[in-house]
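Asks: sharing a sequence plus its predicted fold:
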Amino acid sequence: MASIDSLHYPSQAEPLIQNGLKSRVLLPTDAAYAARIDSYWCNSAKLRPSCIVQPQSAEEVSKAVVALAKANQLFAIRSGGHTNWAGSNNITDGVTLDLGLLNSTEYDDTNQIVHLGPGGKWKDVYDELEKHGRRVAGGRESDVGVGGFLLGGGNTFYASFYGLACNSVIAYDVVLADGRIITAEAEGDHADLFCALKGGGNNFGIVTRFTMRTIPGGPVWGGLAIHPLDVIPAGVKGVVDFTTNNASDLYTNMQFVVGYLPRFGGNICLTIANNMAAIEKPPSLQKFLALPEIMNNYKTTTLQEVITYSSLPPNYYNIWFTLTIKNDASIILKAAELHDQMAKELQAGIPDQDFASHVSFQPLPYLFVQKSHVANSSGNVLGLEQNTGDAIVIQASVSVRTAELEAWARPKVRALVDEVRAFANNIEGGVMPWMYLNYSHSSQEVLQSYGPENVRRIREAAWKYDPEGVFQRLCPGGFKISALKI
């Protein structure tokens, strides 16, 4: 006779139930299941797993991993739920291991460090740390999750001081495939894993706690300005100059964006800028502040408000591709020109105009590379040191309402990035090797971009800490080291 559980629970949930996690399992018929699926930022990620398991501790994560591995059950790992491509953090006909309840922010005043759960979001992290007058070198957008952001490197407002955000992590608590819970630090038995987690994604285990250094908090100055399209050449010159001179003003950040953004009136370009020391209208931004404006909302405010300015609306199908280029005005102008062409195609093909597109140009000065090594002498696996000079990270994005439109628009975004790459390849050093994981499409060769030595380090750590290949075979989401040709 069938058991009561087998009559109500799918077979994928049975190993979890047998391992004592029945109360943590959400089924497709549960309201909480529907709420968790709906809470994914991007519609592309709203797949239908057979069940969701929501552990409340590292020990319960361990129970779930052991159960799934023993049953050879396919699973996905969700932290904040912001990664946009299908299958990155969710799964069809499998189990989604949802870390959303591991979302604590615990400040240690004695050591001025903070322990962060992977399921937290940066807006909540900053809210809690503000009570103590502290903050971390974390995310630049309010709804991005802690886990995926840090495991992908994490571009931060403080990169001029510390490099990417992962360099401010001083310890990782990790659940391995065999159920062990270990702490990886810069020194000790797991120093190789500590290094590999700084950019290596989910190839090794599940991080259940990040320990980070904190820094003094306080007000910031910042906001965004919308410009008419004819300022693009001057804006591009401003990007190049700002990137070249970044070392003269470490507290100021900016990005320049060309886009079709209905919430801002359609075809526009804009500057997003801030100063983390609350210096109003800093000298390094004068070229941008002098540009003609349709509006701006620059002011002295909180970090929590500043991180809302780059937020994109939820419930679209989002397509992202990325490329890192030399800090060269001609390449940036070419990308802006190609975006204009793509936006016209999108406008012609989407009659109700309910879409958004943009190309963002974000400075990646060589100083970021140098600061990464100063802040993190144990290293990382990002391979930023391959960059030979100042660079610009390009994020090309389109947001549409349906899966059919996503399939139609995706080749257009890919073509834009490919054409920029082809143009830049005609300029000496025009294309930089490194690719930012958190902006990459699933088809892009991210881990390869880290360079052969870092690929070797990731591979060795993956097989050392997961010799059975559980996170390679059973967890298809993310950029997998096993997919790379040796």
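Replies: Arrived safely, thanks for sending. On a predicted model such as this, the values are computed, not experimentally measured, just so you know.
Asks: so where is the stretch 251-400 of the chain shaky, pLDDT-wise?
Replies: Applying pLDDT under 70 to the stretch 251-400 of the chain picks out residues 373-378.
Asks: quick one: Met342 and Arg414 touch, right?
Replies: No: if you go by Cβ atoms under 8 Å, Met342 and Arg414 don't touch, sitting 10.6 Å apart. In this view, the C-beta of every residue, glycine as well, is placed from N, C-alpha and C.
Asks: more neighbours: the two, which one.
Replies: Taking other Cβ atoms under 10 Å, Met342 and Arg414 do not tie; Met342 has more neighbours (21 against 16).
Asks: ok but that one is inside a strand, no?
Replies: No: counting by DSSP: H, G, I helix; E, B strand; the rest coil, Met342 is not part of a strand but helix.
Asks: now it: how far from Ser357?
Replies: Distance, Met342 to Ser357, using Cβ to Cβ, to the nearest Å: 7 Å.
Asks: give me the common contacts of those two.
Replies: Between them, Met342 and Ser357 have Val398 as joint contacts when contacts are counted by Cβ atoms under 8 Å, 6 or more residues apart in numbering.
Asks: okay, how far is it across stretch 211-221, tip to tip?
Replies: By Cα to Cα, to the nearest Å, the extent of stretch 211-221 from end to end equals 27 Å.
Asks: which residues touch that stretch?
Replies: 107, 112-116, 129-130, 132-138, 158, 168-173, 274-282, 298-303, 306.
Asks: rerun at 6 Å
Replies: With Cβ atoms under 6 Å, 6 or more residues apart in numbering as the contact definition, stretch 211-221 has outside contacts at 112-115, 130, 133-136, 168-171, 274-276, 278, 280, 300, 303, 306.
Asks: CA atoms of stretch 247-263 as CSV?
Replies: Taking Å, rounded to 0.1, in the frame of the first residue of the first chain, the C-alpha atoms of stretch 247-263 are listed here in CSV:
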residue,chain,number,x,y,z
ALA,A,247,42.7,57.4,-8.7
SER,A,248,42.3,61.2,-8.1
ASP,A,249,38.8,60.6,-6.6
LEU,A,250,38.3,57.2,-5.0
TYR,A,251,35.0,58.0,-3.4
THR,A,252,33.1,58.9,-6.6
ASN,A,253,31.4,56.3,-8.9
MET,A,254,29.5,56.7,-12.1
GLN,A,255,28.1,54.9,-15.1
PHE,A,256,26.8,56.3,-18.3
VAL,A,257,23.7,54.7,-19.9
VAL,A,258,22.1,54.9,-23.3
GLY,A,259,18.7,53.3,-23.5
TYR,A,260,15.0,53.1,-24.4
LEU,A,261,13.4,53.4,-20.9
PRO,A,262,9.7,54.1,-20.9
ARG,A,263,9.7,55.2,-17.2
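Asks: which of the residues in it are buried?
Replies: Using 16 or more other Cβ atoms under 10 Å as the burial criterion, the residues of stretch 247-263 that qualify are 249-261.
Asks: and the two most separated of those residues?
Replies: Across the buried residues of stretch 247-263, the longest distance by Cβ to Cβ is 33.2 Å; it joins Leu250 and Tyr260.
Asks: show me where the stretch 151-300 of the chain has helices.
Replies: Assigned by DSSP state H, counting those that start in this stretch, the helices in the stretch 151-300 of the chain fall at 159-162, 191-196, 232-244, 286-289.
Asks: quick check: which of the ones you listed is nearest to Lys485?
Replies: Closest among those, using Cβ to Cβ: helix 191-196, at 19.3 Å.
Asks: show me what the closest one is packed up against.
Replies: Where contact means 3 or more Cβ pairs under 6 Å, 6 or more residues apart in numbering; DSSP states H and E, helix 191-196 is packed against helix 452-465.
Asks: run through who's touching the helix it packs on.
Replies: Under the contact criterion Cβ under 6 Å, 6+ apart, helix 452-465 has outside partners Leu176, Asp192, Leu193, Ala196, Gly200, Asn203, Phe204, Val381, Gly383, Ile481.
Asks: which of these ranks first by neighbour count?
Replies: Gly200 (30 neighbours).
Asks: quickly note the distance from the spatially closest residue to that residue that is not a sequence neighbour to Gln448.
Replies: Spatial nearest neighbour of Gly200, chain neighbours left out: Ile458 (4.8 Å); criterion: Cβ to Cβ, 6 or more residues apart in numbering. Note on Ile458: its distance to Gln448, by Cβ to Cβ, is 11 Å.
Asks: next up, the contacts around the residue nearest to the spatial centre of the chain.
Replies: Most central in the chain under Cα atoms, centre = their mean is Asn438, positioned 3.5 Å from the mean C-alpha point. Asn438 is in contact with Gly152, counting by Cβ under 6 Å, 6+ apart.
Asks: isn't there a helix covering it?
Replies: Yes: counting by three-state DSSP, Asn438 falls inside a helix.
Asks: what about the strands in the stretch 201-350 of the chain?
Replies: 206-213, 215-216, 220-227, 252-261, 266-275, 295-296, 299-301, 317-326 (DSSP state E, counting those that start in this stretch).
Asks: the inter-axis angle of the third one versus strand 252-261?
Replies: Put plainly, it is strand 220-227. 30 degrees (axes from the mean of the first three to the mean of the last three Cα atoms, to 10 degrees).
Asks: count of residues packed around Ala34?
Replies: Around Ala34 there are 12 other residues, counting by other Cβ under 10 Å.
Asks: now do the contacts for it.
Replies: Applying Cβ under 6 Å, 6+ apart, we find Ala34 in contact with no residue.
Asks: surely it is within a strand?
Replies: No: checked against three-state DSSP, Ala34 lies outside a strand; its state is helix.
Asks: distance of it from Glu293?
Replies: 43 Å.
Asks: and Leu26, by the same measure?
Replies: Taken as Cβ to Cβ, the span from Leu26 to Glu293 is 48 Å.
Asks: now Gln444
Replies: Distance check for Gln444 against Glu293: by Cβ to Cβ, it reads 35 Å.
Asks: the more surrounded of those two?
Replies: Using other Cβ under 10 Å as the criterion, Gln444 and Glu293 rank with Gln444 on top: 20 against 16.
Asks: which SS class is that one?
Replies: Gln444 is classified as coil under three-state DSSP.
Asks: the closest residue to it other than its chain neighbours: helix or strand, and which one exactly?
Replies: Leaving aside its sequence neighbours, Gln444 sits nearest to Met435 (Cβ to Cβ, 6+ apart; 6.2 Å). Under DSSP states H and E, no helix or strand contains Met435.
Asks: so Met435 sits right up against Ser449, yeah?
Replies: Yes: taking Cβ atoms under 6 Å as the definition, Met435 is a contact partner of Ser449 at 3.9 Å.
Asks: ok, back up a step: show me which pair in the contacts of helix 452-465 is furthest apart.
Replies: So, these by Cβ to Cβ: farthest apart are Leu176 and Gly383, at 25.0 Å.
Asks: domain parsing for the chain?
Replies: 4-98, 105-216+448-473, 220-447 (automatic domain parsing).
Asks: redo those as JSON lines? Include distance to Lys485.
Replies: Output for the domains of the chain, formatted as JSON lines (distance: least, Cβ to Cβ, whole Å):
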{"stretch": "domain 4-98", "distance to Lys485": "21"}
{"stretch": "domain 105-216+448-473", "distance to Lys485": "9"}
{"stretch": "domain 220-447", "distance to Lys485": "10"}
